[in-house]
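1. Kindly return the folded structure for what I paste below:
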Amino acid sequence: GNDVKKALEDALKVEDNELARLNIEAILKNIKLAEEKQIPMCQDTGLPVIFVKLGNVEVENLRAGIEEGIEKATKEIPIRPNIPPIDIELIDEDYLEITILPKGFGSENNNAMKMALPAEGIQGIKDFVVESVLKAKGKPCPPTVIGVGIGGTSDLCLKLGKKALLGEVGKRNPDPEIA
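-> Sure, this is the predicted structure:
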């Protein structure tokens, strides 16, 4: 989105390493071309992760509608054919909200999870995130955006990490200790 592009433009203004500047410039050029051609910036964004907030509304064939939309996008955009994972959250509101997170397998293959001991605290989480990013290196296709999920079961934690990717780049958690 625009927040990612702005973060890259801001990084380019302050970056003094020539190799890093060349990479940022190449990414910005790819973004511009993708916008002009109305196609994904990377061919590896072919796994659409679907988050649905389903409120008190009448819906017919929600799954079929989502799958039909993904099938249409697969042909028209094009994106890699996939069966989209669909996560449905029931809410007590009068609306339906569908959010699509286009996920690449370079980043998906570098997911990391740790069931930390409570004694490790916030510092243990920070250490694990840094260790995971360093281990992944450039495999998730830079620029790397990191989503961190904390708490609950392992599957919930990974889902929270994906949902964190939907936030605005640069927007920090309001809790200073977590931010």
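2. Check the offset of the helix or strand of the chain with the lowest mean pLDDT from the chain's centre.
-> Using mean pLDDT, DSSP states H and E, helix 105-108 stands out as the lowest-scoring helix or strand of the chain, at a mean of 80. Mean-position distance between helix 105-108 and its chain equals 10 Å (CA atoms, centre = their mean, to the nearest Å).
3. And stretch 88-102, end to end?
-> From its first residue to its last, stretch 88-102 covers 17 Å (CA to CA, to the nearest Å).
4. My error: substitute stretch 158-171 in the last question.
-> This stretch, stretch 158-171, spans 20 Å end to end (CA to CA).
5. Report the buried residues of that stretch.
-> Applying a neighbour-count criterion of 16 or more other CB atoms under 10 Å, one finds 158-159, 161-163, 165, 169 buried in stretch 158-171. C-betas here are computed from N, CA, C, even on glycine.
6. next one: stretch 2-22
-> Quick answer for stretch 2-22 (16+ other CB under 10 Å): 4, 8, 15.
7. Kindly reformat the residues you listed as CSV and extend each row with distance to Ile24 and secondary structure.
-> Below are the buried residues of stretch 2-22 laid out as CSV (distance: CB to CB, whole Å; DSSP: H, G, I helix; E, B strand; the rest coil):
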residue, distance to Ile24, secondary structure
Val4, 12, helix
Leu8, 6, helix
Glu15, 6, coil
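8. For Glu60, state which of the residues you listed is nearest.
-> Val4 (35.2 Å; CB to CB).
9. by contact count, what packs against the longest helix along the chain?
-> If you go by DSSP state H, the chain has its longest helix at helix 18-37. Identification of packing neighbours for helix 18-37 by 3 or more CB pairs under 8 Å, 6 or more residues apart in numbering; DSSP states H and E yields helix 2-14.
10. mind saving the C-alpha coords of the helix it packs on as CSV?
-> What follows is helix 2-14 as a C-alpha-only set of coordinates in CSV (Å, rounded to 0.1, in the frame of the first residue of the first chain):
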residue,chain,number,x,y,z
ASN,A,2,0.9,3.6,0.1
ASP,A,3,2.4,3.2,3.6
VAL,A,4,5.0,0.7,2.3
LYS,A,5,5.9,3.0,-0.6
LYS,A,6,6.2,6.0,1.8
ALA,A,7,8.4,4.0,4.1
LEU,A,8,10.7,3.1,1.2
GLU,A,9,10.8,6.7,-0.1
ASP,A,10,11.7,7.9,3.5
ALA,A,11,14.4,5.2,3.8
LEU,A,12,15.9,6.2,0.5
LYS,A,13,16.2,9.8,1.8
VAL,A,14,18.4,8.7,4.7
